Structures are given as structure tokens and as C-alpha cells.
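J.: what's the 3D shape of this:
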Amino acid sequence: MQNEKVAEELIEKISLLLKNNFFNPSAIEKKDYNFELTVEKNHQKVKVQVYFGKKGIKVILQGNAENELYKEVERIIADEPKFQFTEEKILEPDEYIGSDESGKGDFFGPLVTAAFYVNELSKKELLKLGVRDSKDVSDTQISFIANQIKKRFSDDFEIVIITPLKYNELYKSFKNLNKILNWSHSKAIENLLKRKKCSYIITDKFSNENLQLSFSNEFNNIEFFQFQKAEKYIGVAAASILARNRVNSWFEEQKKNGLELPKGSSESVEKIAKDIVLKYGKDKLSELAKEHFKITSKV
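T.: Numbering: from 1, shown residues only. Next up is the predicted model:
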């Protein structure tokens, strides 16, 4: 029984390690003598099995050893001496504010930006909750995790919601999406800094320009870091989940009001937009959509 418990903890740590390296492993399955999960990428598949028995714990990879995915998974596991997996493989400050946004690629709906303050204690709690890049989490999981975050860390985050109407006003003023993103990230971070003093900010990189807070003199000692795929940092991942959850809530609210709106900017989105204009008029579309998308001119 002891080996079984150790094996279960080990496969969970392997799963977390794979997620921190931008893989999306399957759910863990328990068999008679082992725990296992599967990793798939580019039509390649590798199964990770952790066996338990009287002779101890054994980790086995099943797949084509010549495939790139097999080698990547093998390297990730081998990099951890004696399988002493850490909860996080990346280095990050002891405390910082992470920020991320959701909704910028959707014709319908708001642009939502969240900022989240983390320290060493909250990082561990967030990992236990399953916090990771929101793109790797289902909407059902997003809702559950976001609600848990709000309950446990009610003072550690700020959310800025730019409704479609407000977004369209800002776009007329800024004439640039990245400037709107800069404004929304700055607003969320500034609001949080009023309660949580720290020296580091980590954001997802949305442009080649550096993020600058509006009241820069007040925050002269703060260091800013912008990274591609910054959701690997737990604070940014928590922010991404809160932001996406709020976007999802907006779509649910519209559904309750009789409007089932799709995400993205596909042809099906264009068709719904045309139907809205025909049924309710252009003003209604302005309340629901980001008008700088090409779809608007087609409607």
C-alpha cells in the first residue's frame, strides 16, 4: 500500500511537470499494478507508467523511442534527479504580480484583464488547485478553479472588464489594440499595487513595446518582465483563469438573455452578427461586439 501511495504521488508530480513544460497530459488512470497517463503531440503518443510493487517504484515510457515526443518526455523526466520532482521547474520571484487578458480574439464579448499577486505560500495553494495556463483547462474546470481562487484569495487580485461599448470608445481614441491592452494591464496592476506592495511584475507579452504604468513615478522601483507564454508563471496562470472565467460569464449572461453568441471570429460568427443587425439594428451590435474586427465591415 505504501508503494502504491508513493507511485500515485509520483505520477501526479510527473503530470504537473509535463504541464509546466507546455504539454497537456491525459487524466491519470489507475490500473492493477500501476498508474499511467498519456501525452500526445503532432500525432505522436507516449504513455507514462509508474509501477508499484514489492520491488519498489518503476517508471516506464511506452512509445516509439525514435520519435521527438518520446525524447522530449524522456528528457523532462530524466532532468529530475531520482524523480524528485519539484512543483515548479521555472524560476520566479518569491512574490510578484502576474497579469493576463482574455477575449481579445473574440468578435463578441468584453476584453478582460486580471492581475494576481502571489507569494511562496499562495503559489503552493494555487498549484494544488490545478492552476495552469487557462488554454489547457476546460470551461467547467475554469469555473471551479476561478471560484476557489476568489474564495481563498479575495484580496489578491484585480479584474478590469472592458465591455464592447467601452472597448469601441477606447479603440476610437487609441486606434490600436496593443495600447488598449497596455491600458487595461496597467489599470489592473495599479489597482492591485495599492494593496499589495511588491517589486516585480510579470505579464504575457502582447506587443514589442514595454508595459508602462500610468503613474510611473509612483512605481519607479518596480521591475517589469514580459514573456511569450508567460502563463507558465503561476501568478500569470491564475490571472488568465480569472480573466477567461469572466469572459465565459459574459457569454453565459447573454445566453440567459436569449442570445447564444459564439466565440472567435469565424464565418459562423459573421452570420450571427448579420442576424443581430437584421433583428435588432447596428446599435445592438455595438453593445455586443468589438467593431474594429473585419467582420463589422462585412456586416
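J.: quick check, pLDDT for the nearest residue to Cys198 once chain neighbours are set aside.
T.: Nearest residue to Cys198, sequence neighbours excluded (C-beta to C-beta, 6 or more residues apart in numbering): Glu95, at 5.0 Å. For the C-beta atoms, the positions are set from N, CA and C on the backbone; glycine is no exception. The score at Glu95 is 95. That number is its pLDDT.
J.: now do Glu218
T.: For Glu218, the predicted pLDDT is 65.
J.: ok so, going back, correct me if wrong: the residue nearest to Cys198 contacts Glu120.
T.: Yes - look at Glu95 against Glu120 with C-beta atoms under 8 Å: they come within range, at 7.3 Å.
J.: could I get the full set of helices for this protein?
T.: 2-20, 68-78, 120-129, 139-152, 164-174, 177-193, 234-256, 267-280, 282-288, 294-298 (DSSP state H).
J.: count the residues that sit near the closest residue to Asp155 other than its chain neighbours.
T.: Nearest non-adjacent residue to Asp155, counting by C-beta to C-beta, 6+ apart: Arg195, 6.4 Å away. For Arg195, the number of neighbouring residues by other C-beta atoms under 10 Å comes to 10.
J.: just to revisit the earlier point, neighbours around the residue nearest to Cys198, how many?
T.: 18.
J.: how about the one 3 residues further on?
T.: By other C-beta under 10 Å, the residues close to Gly98 number 28.
J.: same question, His185
T.: 26.
J.: now do it against Val236, distance only.
T.: If you measure His185 against Val236 using C-beta to C-beta, to the nearest Å, the figure is 11 Å.
J.: same thing with Asp100?
T.: With C-beta to C-beta as the criterion, Asp100 and Val236 are 5 Å apart.
J.: any common contacting residues for these two?
T.: Jointly contacting Asp100 and Val236 under the rule C-beta atoms under 8 Å, 6 or more residues apart in numbering are 203-204, 230.
J.: please convert the residues you listed to JSON lines, extending it with pLDDT and distance to Pro110.
T.: Formatted as JSON lines, those follow (pLDDT from 0 to 100; distance: C-beta to C-beta, whole Å):
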{"residue": "Thr203", "pLDDT": "90", "distance to Pro110": "19"}
{"residue": "Asp204", "pLDDT": "82", "distance to Pro110": "18"}
{"residue": "Ala230", "pLDDT": "84", "distance to Pro110": "21"}
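J.: quick one, which of the helices of the chain is packed in tightest?
T.: Mean neighbours per residue, mean count of other C-beta atoms under 10 Å, is largest over the helices of the chain for helix 234-256, with a mean of 23.
J.: pLDDT weak spots in the stretch 1-150 of the chain?
T.: Scanning the stretch 1-150 of the chain with the threshold set as pLDDT under 70 gives 1-2, 54-55, 79-90.
J.: one more pass at 80, please.
T.: 1-3, 53-56, 78-91, 133-136 (pLDDT under 80).
J.: likewise the stretch 151-299 of the chain?
T.: 205-221, 228-229.
J.: neighbouring strands for the top strand by length along the chain, and are they parallel or not?
T.: The residue-count maximum for a strand in the chain (DSSP state E) belongs to strand 44-53. Its sheet considered, strand 44-53 pairs with strand 34-41 (antiparallel), strand 56-62 (antiparallel) by DSSP bridges.
J.: name the residues of it that are buried.
T.: 45-52 (16 or more other C-beta atoms under 10 Å).
J.: quick one: which of these is nearest Ser286?
T.: Minimum distance to Ser286 across those is 46.8 Å, recorded for Lys45 (C-beta to C-beta).
J.: looking at the sheet around the closest one, what are its partners?
T.: Glu40.
J.: residues touching it, list them.
T.: Lys45 touches 38-39, 63, 69, counting by C-beta under 8 Å, 6+ apart.
J.: in ChimeraX, select just the buried ones from these.
T.: Buried residues within the contacts of Lys45, by 16+ other C-beta under 10 Å, are selected in ChimeraX with:
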select :38,39,63,69
